[in-house]
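[1] need coordinates for the below:
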Amino acid sequence: MSDETTPKVKHIAIAGNIGAGKTTLTTKLARQFGWEVHYEDTDDNPYLSDFYQDMKRWAFNLQIYFLNSRYQQVLKIQGGDKTIIQDRTIYEDAFIFAPNLHDMGLMSTRDFNNYFDLFKTMSSQVNPPDLLIYLRASISTLVSHIQRRGRDYEGNMSLDYLKRLNERYENWIEGYTEGKLLILDINDLDFEGNPEHLGFVVNQVSRELHGLF
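    A predicted model of the protein is given here:
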């Protein structure tokens, strides 16, 4: 294929804690730039509801499901000829959610080591996103967003769980060297309800993309 039909940028990914606004921003940026979207598979996930009821029983199953789902997404992105924006990355499961479950005693060391070995094998076969957008949020902002969307299975989530995840996100982003990174502090950004705020985000993303094309 010629360069005219194959975008140089194939893969933009949005990362962030539960309730950070990933899906909302993914949808809006896709509409703004004419990208296709790969959403996180929550509605059809056969383990998510059970996991929030009994985390220890279902943690390994859930993480394997997410790993496989996101690996398949990245393979499709890299094998296609369109620009795709992805809601959450393969890295977040491996560096944030799975080790957090292990540290909380909700995933055995045997299961975690098995999971992480599989992640290393899969991640060695795919490229990182051309641009990673990280949504940084305080716990109060996350809780506000979670309460607003009212998903039943998130009702049992503890503040301690969110805090642990936020700490891991910050540590991961601080050491992220896989590719280009844009950090957006969303505590004072309402890109869903405020057009000016969305415009600011779009301009930030455009500026980053100019360095990629």
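
[2] return the set of buried residues in stretch 69-81.
    Of all the residues in stretch 69-81, those buried under the rule 16 or more other Cβ atoms under 10 Å are 69-71, 73-74, 77. Just so you know, the C-beta spots here come from the backbone N, C-alpha and C atoms, and that holds for glycine as well.

[3] can you dump the C-alpha atoms of that stretch in CSV for me?
    The C-alpha coordinates for stretch 69-81 follow below in CSV (Å, rounded to 0.1, in the frame of the first residue of the first chain):
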residue,chain,number,x,y,z
SER,A,69,-9.3,-9.3,24.6
ARG,A,70,-6.8,-6.4,24.4
TYR,A,71,-4.1,-8.6,22.7
GLN,A,72,-6.6,-9.3,20.0
GLN,A,73,-7.5,-5.6,19.7
VAL,A,74,-3.8,-4.7,19.2
LEU,A,75,-3.3,-7.4,16.6
LYS,A,76,-6.2,-6.0,14.6
ILE,A,77,-5.0,-2.5,14.9
GLN,A,78,-1.5,-3.4,13.7
GLY,A,79,-2.8,-5.6,10.9
GLY,A,80,-5.3,-3.0,9.6
ASP,A,81,-4.8,0.2,7.6
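
[4] rounded mean pLDDT for it, please.
    When the per-residue pLDDT values of stretch 69-81 are averaged, the result is 92.

[5] one more: stretch 26-39?
    Stretch 26-39 comes out with an average pLDDT of 94.

[6] please apply the same query to stretch 176-193.
    Rounded to a whole number, the mean pLDDT of stretch 176-193 is 92.

[7] give me the buried positions along that stretch.
    Neighbour counts using 16+ other Cβ under 10 Å place 176, 180, 182, 184, 186, 189, 191 of stretch 176-193 among the buried residues.

[8] Throw those residues into a markdown table and include secondary structure and distance to residue 134, thanks.
    As requested, the buried residues of stretch 176-193 are exported to a markdown table (DSSP: H, G, I helix; E, B strand; the rest coil; distance: Cβ to Cβ, whole Å):
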| residue | secondary structure | distance to residue 134 |
| --- | --- | --- |
| 176 | coil | 8 |
| 180 | strand | 11 |
| 182 | strand | 7 |
| 184 | strand | 7 |
| 186 | coil | 10 |
| 189 | coil | 13 |
| 191 | coil | 14 |
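
[9] now the residues you listed as a markdown table including distance to residue 137?
    What follows is these, written out as a markdown table (distance: Cβ to Cβ, whole Å):
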| residue | distance to residue 137 |
| --- | --- |
| 176 | 17 |
| 180 | 21 |
| 182 | 15 |
| 184 | 9 |
| 186 | 5 |
| 189 | 9 |
| 191 | 12 |
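
[10] this completes my enquiry, with thanks.
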